[in-house]
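Visitor: Build me a model from this:
(one chain, ligands or ions: 1)
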Amino acid sequence: MTTWYKEAFRPGSEIKGKWNGRVYVVERLLGAGSNGIVALVRKGTARFALKAGYETVDHQSEINSLLAISQKENSFKHFLIDADDMVVQGKGISFYVMRYIEGKSLTDFVHKRGQDWLYVIGSNLLRKLSEIHRSGFVFGDLKAENMIVSNYGDVDLIDFGGVTPKGRAIKQLTEVYDRGFWNMGERIAEESYDIFSFAILLLKTLDHRKRFAGFMKTLPQNRDLAQLQVIMQENPIAAQLAPFIHKALRSEFATSEEALVFWKGLVAGKKTATSPLKMPWLKLCFAASIFIFGATIYMFW
Ligand SMILES: Nc1ncnc2c1ncn2[C@@H]1O[C@H](COP(=O)(O)OP(=O)(O)OP(=O)(O)O)[C@@H](O)[C@H]1O
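Guide: Below you'll find the predicted structure:
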């Protein structure tokens, strides 16, 4: 991290938007990646995540993608809160403010709560992807690091740097999740591209023997589905999901809606920690979280 980022994101420091004039107080750093740096900030009593971009063009394109997918009536609607520039040491830096998502990484969540939660998480993630696909985009860089899982298997996507309009070349990817890496299709923004990454995400989460670490070292001509097949044989949940995974890896789902229907049929009746018997209180919690979110937006504006 360069010095000016350290200064701008020091806990307690204020970030003031140059154009909109809103002021955010930094609580702490949340993370830093290849595209930017993310901090937990406060405005009044409301908390948000603020992401400052390293590269103005990439950052603006990320904001534009987020804006495009939040135009429709979907769960991304109020995700983007503000977009502005700040001035640090005389230099203009673009940033955007989004909803702060509290939760865990997929790996931590599944490790703590059990692998059978993947049935619920999978449904929720496919629903999120469908929303993006209905807006005319694909997510592009789907991977465990780009999602946050909260209490009841709710899924939020958090990094929109790979979002690409359908039909274009995929903008940003991570090799092992990419169907081109596996010689299983083109790097074109199609719904099936995301569904392929979704299948890899499942296998990677269920990969007890850390086989994925070795995949990075295999020569391109030696990468094939047989290597992934082994994981499905080793893990009982991966074995149950195999009919879905097979189709996804062969890009046989034309749309995420189709994938979701197949998924639901496959996992229906599977015993998970969220079986309906244990869930009467869940609706209440969900309603409460919607109410709190609405109140936060209301107070903010
Ligand atoms: N809305 C959010 N709510 C909570 N935490 C967030 C949010 N957005 C980002 N983070 C945290 O900040 C980290 C970095 O964010 P992000 O993945 O967007 O950065 P990036 O530079 O695009 O990363 P990458 O190198 O993976 O492309 C995330 O791993 C996550 O821990």
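
Visitor: Run a quick check on Ala83 versus His59, I expect a contact.
Guide: No. Ala83 is beyond contact range of His59, at 9.3 Å (criterion: CB atoms under 8 Å). Where you see a C-beta, it was placed from the backbone N, CA and C, and this is true even at glycine.

Visitor: joint contacts of these two?
Guide: Overlap of the contact sets of Ala83 and His59 (by CB atoms under 8 Å, 6 or more residues apart in numbering) consists of Ser94, Tyr96.

Visitor: Please name the residues that touch the residue in the stretch 1-150 of the chain that the ligand sits nearest to.
Guide: In the stretch 1-150 of the chain, the residue that lies nearest the ligand is Gly33 (1.9 Å; CB to the nearest ligand atom). Applying CB under 8 Å, 6+ apart, we find Gly33 in contact with Glu145, Asp159.

Visitor: same thing but 10 Å
Guide: Lys51, Tyr54, Glu145, Asn146, Ile158, Asp159, Gly161 (CB atoms under 10 Å, 6 or more residues apart in numbering).

Visitor: Please apply the same query to Ser94.
Guide: Per CB under 10 Å, 6+ apart, neighbours of Ser94: 18, 36, 51-60, 62-63, 83-86.

Visitor: swap the cut-off to 8 Å and go again
Guide: With CB under 8 Å, 6+ apart, Ser94 has these contacts: Ala52, Gly53, Thr56, His59, Gln60, Ile63, Ala83, Asp84, Asp85.

Visitor: Of the residues you listed, which belong to strands?
Guide: Among the contacts of Ser94, the members found in strands (DSSP state E) are Ala52, Gly53, Ala83, Asp84, Asp85.

Visitor: any chance of those in a markdown table, plus distance to the ligand, pLDDT and neighbour count?
Guide: What follows is the ones in strands among the contacts of Ser94, written out as a markdown table (distance: CB to the nearest ligand atom, whole Å; pLDDT from 0 to 100; neighbours: other CB atoms under 10 Å):
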| residue | distance to the ligand | pLDDT | neighbour count |
| --- | --- | --- | --- |
| Ala52 | 10 | 94 | 22 |
| Gly53 | 8 | 87 | 20 |
| Ala83 | 14 | 95 | 21 |
| Asp84 | 17 | 96 | 19 |
| Asp85 | 18 | 95 | 17 |
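
Visitor: which one of those sits closest to Ile200?
Guide: Proximity of those to Ile200 (CB to CB) peaks at Gly53, which lies at 27.0 Å.

Visitor: Report the separation between that closest one and Leu249.
Guide: 33 Å (CB to CB, to the nearest Å).

Visitor: now His78
Guide: In terms of CB to CB, His78 sits 35 Å off from Leu249.

Visitor: Count the residues that sit near Val230.
Guide: Neighbour count of Val230, defined by other CB atoms under 10 Å: 14.

Visitor: so it sits in a helix?
Guide: Yes. Using DSSP: H, G, I helix; E, B strand; the rest coil, the assignment for Val230 is a helix.

Visitor: ok, it - contacts?
Guide: So Val230 contacts Arg211 (CB under 8 Å, 6+ apart).

Visitor: before we move on, the earlier item: quick one: which of His78 and Leu249 has more around it?
Guide: Leu249 (20 against 14).

Visitor: quick revisit: okay, who's weakest in the contacts of Gly33 by pLDDT?
Guide: The member of these with the lowest pLDDT is Tyr54, at 80.

Visitor: Excluding sequence neighbours, find me the nearest residue to it.
Guide: Distances taken as CB to CB, 6 or more residues apart in numbering place Gly36 nearest to Tyr54, at 5.7 Å, with adjacent residues excluded.

Visitor: mind listing the helices for this structure?
Guide: In the chain, the helices defined using DSSP state H lie at 3-8, 56-69, 106-113, 118-134, 191-205, 211-215, 225-234, 236-249, 256-267, 280-300.

Visitor: any idea which of these is most buried?
Guide: helix 191-205 (a mean of 24; mean count of other CB atoms under 10 Å).

Visitor: how about that helix, does it reach the ligand?
Guide: No. Helix 191-205 is not in contact with the ligand by CB under 6 Å from any ligand atom; minimum separation 13.7 Å.
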